[in-house]
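Visitor: Below are the sequence and a predicted model; questions follow.
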Amino acid sequence: MVEKGTVEIVGGRYWQPATGQQSLDLNGSFEDVGTIYQDVPTQAGQKYRVRFAFAGNPDGGPTTKTFRVSWNGDQGTILSFETIGQSRTNMGWRYHEIIVLASGQTGRLHSQSLTTSFCGPTLDDVSVTPVAAEAATLAEEVCRTVVPASRPLPAPATESGVAVALAPDATNAVLQIQFCPVLTIYGSVGHTYRIECADDLAATTWTALTNLTLTSNPQCWADTQAGAALKALLSCRSSRPAVMAAPSKDFGAGSTDHHQLT
């Protein structure tokens, strides 16, 4: 919904959207700076991940496009995008994520242009997803291994994990928390992506770890076989690009991109 000013929906034939067939210029006609909002169904106390792509209209100045994203009227986050070197066919879309906390049954997401110009900041591919569901999936699939009492107690891990004794009533049981590379993959549900690894960014040969067909977007994946020798470099290849997020940074994945985990 447009709360103030005007905005412009721009089709993919005019410039490159981040995804789909269109994107949004937050500055509409006659330098009329726009503010939009969307009410999202939420559950009080639940954390949500707000994710979106942003760029800038390359047809005119200023070269720095600035806008604010806020949740339920808070101070929000101010972001800027430089359009120098960008064009209609190469918009240079970037992704940004923020974590918000719901306080009721509805949350309001605001996007406000702070650029006075006919050519403003642009938005695309906006999503709001629960954080807890993603974390619960990881905890269930990756980070919890209970060793049966019939097995001897393992020695505390030095690199791949750490052993923590359970309560006294769980005799001879150990909860082993494994440390391994974990990715959050953003892509097309039903599409298959190949995940590869290498020890050197300059490597010409990468080892395929698995083929992953997305059943949700986003979807978490972990290299549970990494053990003590954690893979330093991971890559995701697909005929249609996806975007993945590591615990310490975000990175894109496409036909040739390789990225180092820190």
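Guide: Structure received.
Visitor: For Gly11, give me its contacts.
Guide: Shown in contact with Gly11 (CB atoms under 8 Å, 6 or more residues apart in numbering): Gln21, Gln22. Every C-beta, even on glycine, is put in place using the N, C-alpha and C of the backbone.
Visitor: Specify the beta-bridge partners of it.
Guide: Here Gly11 sits in beta bridges with Gln22, going by DSSP bridges.
Visitor: Could you shift the numbering so residue one becomes 566, and keep it that way?
Guide: Happy to do that; since the first residue is 566 now, the last one works out to Gly576.
Visitor: Can you tell me how far it is from Leu688?
Guide: Counting by CB to CB, to the nearest Å, the gap from Gly576 to Leu688 is 15 Å.
Visitor: same check, this time on Gln587
Guide: For Gln587 relative to Leu688 (CB to CB), the value is 11 Å.
Visitor: quick one: which of these two has more around it?
Guide: Higher neighbour count among Gln587 and Leu688: Leu688, with 22 against 14, using other CB atoms under 10 Å.
Visitor: in what helix or strand does His661 lie?
Guide: His661 belongs to strand 659-666 when assigned by DSSP states H and E.
Visitor: Next up, the contacts around the closest residue to Gln581 other than its chain neighbours.
Guide: Nearest residue to Gln581 in three dimensions, chain neighbours excluded: Met656, at 4.9 Å (CB to CB, 6 or more residues apart in numbering). Contacts for Met656 were tallied using CB under 8 Å, 6+ apart; they are Trp580, Gln581, Pro582, Ala583, Ala620, Gly621, Pro623, Thr687.
Visitor: the strands in the stretch 616-765 of the chain, which residues?
Guide: Along the stretch 616-765 of the chain, counting by DSSP state E, counting those that start in this stretch, strands occupy 629-636, 642-647, 659-666, 671-678, 686-695, 710-712, 726-730, 739-743, 747-751, 757-763.
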